[in-house]
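S.K.: Would you be able to build a 3D model of this:
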Amino acid sequence: MLALIPALPLAAVAVNLILGDRLGRRGTAFLACGAVFASFVLAALSVIHLASLPPGARTMVADVYTWMRVGDFKVDVAFLLDPLSSVMVLVVTGVGFLIHLYSVGYMAHDASFRRFFLYLNLFMFAMLTLVLAKNFLVMFVGWEGVGLCSYLLIGFWMDRPSAARAGMKAFVVNRIGDFGFLLGMLTLFAWTGSLDYERVFAAAPIVFHPGTLAITFATLALLLGATGKSAQIPLYTWLPDAMEGPTPVSALIHAATMVTAGVYMVARCHILFTMAPFSLETVAVIGAATALFAATIGVAQNDIKRVLAYSTVSQLGYMFFACGVGAFGAGIFHLMTHAFFKALLFLGAGSVIHALSGEQDMRKMGGLASRLPWTHGVMLVACVAIAGIPPFAGFFSKDEILSAAFASGHYGVWVAGLLGAVLTAFYMFRLYFLTFRGSSRLTHEAEHHLHESPAVMVAPLVVLAALSVVGGFVGLPFQEGGRRLTTLEGGAALERWLAPVFGEGGAAGASHAVPHLSFTTEWALIAVSVAAAAFGIAMASRAYAKAAGEPIAEKAPRLYGLLEHKYWIDELYDTIAVRPIRALGDVLWRFWDEKIVDGTVNGVAYVVEWASAVLRVFQTGFVGTYALFLTLGVAALIAHYLVR
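M.R.: Down below sits the predicted model:
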């Protein structure tokens, strides 16, 4: 049953390819959505069975076949379901199904409807392969698969040059990260002799000495792969440009699939990272820096999807620094809640764009609350959830991460996370006020076509809104033996569920376990966190609730310009990397390709042509010519002997 979870979306791809347009739009939608829903049902049944097992035995394995065998080395196509992968598979299939359902309405009039769902199902297969893989090689297949599908879906509207460029940018930037993943995987194989998770993690404490160069190099290489897939500094630049694809694609990439792959991989390899303190600290620093850096950029973006893109980069930073401080369970918790409200935000933004006939500039919106009541309601829920206001889902996971950073002594990381929380609340409610409140700034055409989305699009929004409200309750502490357990004691249901993988409290290894906070300190940190979010919302309300222009641009034009142009990082990369590499490629093309490679091939052709021209003099096809040459040859032979 476990192998069927990724197989069903792949089967839908095959049927879609074979039957083609004979399925029709309704048949295509039913096939694509039905396959993902069936995968979700199988995943839920598998997790229920997993939960019935004793905590120490919560592992299900499906060996499909032996992929390769060389001496003692063997790699199987095998799938693993444990508490960690169970959370991921439920998020991927559950949120993925809602996005598929939403896409039926959003893409209803697109000429490439069938191709879109083919790519979407292929994306689901790749991501499910990644999260269910039992070894690094099968994970790498899924890892590369989601990279390919992101390229296909970001550049889905291939007639748009900007979409084609964005797809290529995502592909190239991710290849840099993938090279790191490959180096890390080969290093682990060289030292442990295996690529199977169980064997690698069991052998690691024996063959690696903690903190040595080998384990540090392997984990830093894996981290490079994670920064590419999960859009962290320095490889984050592809994700904001991924907005060129259809909005459901953005929701799928940002919420349920590709960008969570890096976080999942780091969490899966927690045993390795805890053996490399430098690598773990690097994870924390990169995560905190990305969370704050991306949040500042989001403050000055005007494209509604681009604001959400930088929000994703920032929120992924929170997940990374949670792992970096040893709170792997908190990172996975935020991954789950983020999937709910970020999918809701993107699909809600898609509903706005759909209602405005493609308009994405928030400066041309306003006053939509009464015109799009359902969309307004769910977007407000999502904004409150991501801002971290209790009792919405984002509050529980964000607070757990900040508390873990403080408890572990990473006070700089905690400050960065707190400032990021202020900015998150600010730019999300800036989006809310510019889009739904104030006076209407719609164009005449957008005003004429303004309408609420159909039920097939609204229904997934309502479900995601409900999950964004209640999804954080799995982080509530509970009573044990008459004593209230704090979150950091592993008292939350999700932490207890992940304990067989990460240990008590979601921290990996005793040396990296997150220290317990006192009851008073924990509540003080909660109060500071909520106050930070409330302050950000209040500042956004003051600046944008009734503003006709852009207050930041008016009061600090240089700062606003810097943020609006994203610190000119893309231009910097273009100057120091893209142009030199392109220039080198141009030189190699003109010298090596044209002169050496083409010259060699053309030279061989020229020699053959010259030899053929000589032979054609003798091979004419006329008997008289052959007789003449024969006579001349005999005469020459006779003359030779006479001369002698």
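S.K.: Might you calculate how far stretch 443-454 sits from the centre of the chain?
M.R.: Computed by Cα atoms, centre = their mean, to the nearest Å, the separation of stretch 443-454 from the middle of its chain amounts to 32 Å.
S.K.: Give me the contact list for it.
M.R.: Residues from elsewhere that reach stretch 443-454 (Cβ atoms under 8 Å, 6 or more residues apart in numbering): 105, 351, 354-357, 359, 364, 368, 371-375, 440, 442, 458, 461. From N, CA and C alone the C-beta is placed, and that goes for glycine too.
S.K.: which among those residues end up buried?
M.R.: Among these, the ones that count as buried by 16 or more other Cβ atoms under 10 Å are 105, 351, 354-356, 359, 368, 371-372, 374-375, 442, 458, 461.
S.K.: could those be laid out in a markdown table, adding distance to residue 138?
M.R.: As requested, those are exported to a markdown table (distance: Cβ to Cβ, whole Å):
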| residue | distance to residue 138 |
| --- | --- |
| 105 | 35 |
| 351 | 37 |
| 354 | 38 |
| 355 | 42 |
| 356 | 43 |
| 359 | 43 |
| 368 | 46 |
| 371 | 49 |
| 372 | 44 |
| 374 | 41 |
| 375 | 40 |
| 442 | 50 |
| 458 | 38 |
| 461 | 34 |
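S.K.: Which of the residues you listed fall in helices?
M.R.: With helices taken from DSSP state H, the overlap with the buried ones among the contacts of stretch 443-454 comprises 105, 351, 354-355, 374-375, 458, 461.
S.K.: I'd like the residues you listed as JSON lines, with pLDDT and distance to residue 493 appended.
M.R.: Conversion of these to JSON lines gives the following (pLDDT from 0 to 100; distance: Cβ to Cβ, whole Å):
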{"residue": "105", "pLDDT": "91", "distance to residue 493": "34"}
{"residue": "351", "pLDDT": "93", "distance to residue 493": "32"}
{"residue": "354", "pLDDT": "88", "distance to residue 493": "37"}
{"residue": "355", "pLDDT": "89", "distance to residue 493": "38"}
{"residue": "374", "pLDDT": "94", "distance to residue 493": "31"}
{"residue": "375", "pLDDT": "94", "distance to residue 493": "32"}
{"residue": "458", "pLDDT": "93", "distance to residue 493": "30"}
{"residue": "461", "pLDDT": "95", "distance to residue 493": "26"}
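S.K.: ok, of those, which one's closest to residue 85?
M.R.: When those are compared for distance to residue 85, the smallest value, 27.7 Å, is given by residue 461; criterion: Cβ to Cβ.
S.K.: The closest one against residue 374, yeah?
M.R.: Yes: using Cβ atoms under 8 Å, residue 461 makes contact with residue 374 at a distance of 6.9 Å.
S.K.: any residues in contact with both of these two?
M.R.: Common neighbours of residue 461 and residue 374, counting by Cβ under 8 Å, 6+ apart, are 351, 453.
S.K.: now the strands: where do they sit in the protein?
M.R.: 60-70, 73-81, 479-480, 483-484 (DSSP state E).
S.K.: what packs against the second one?
M.R.: Meaning strand 73-81. Counting by 3 or more Cβ pairs under 8 Å, 6 or more residues apart in numbering; DSSP states H and E, the packing neighbours recorded for strand 73-81 are helix 24-51, strand 60-70, helix 113-132, helix 136-154.
S.K.: tell me the angle of that strand relative to helix 136-154?
M.R.: Between strand 73-81 and helix 136-154, the angle formed by their directions is 60 degrees, by axes from the mean of the first three to the mean of the last three Cα atoms, to 10 degrees.
S.K.: what angle sits between strand 73-81 and strand 60-70?
M.R.: Using the same axes, to 10 degrees, strand 73-81 lies at 160 degrees relative to strand 60-70.
S.K.: tilt between strand 73-81 and helix 24-51?
M.R.: For strand 73-81 and helix 24-51, the angle between their directions (the same axes, to 10 degrees) works out to 90 degrees.
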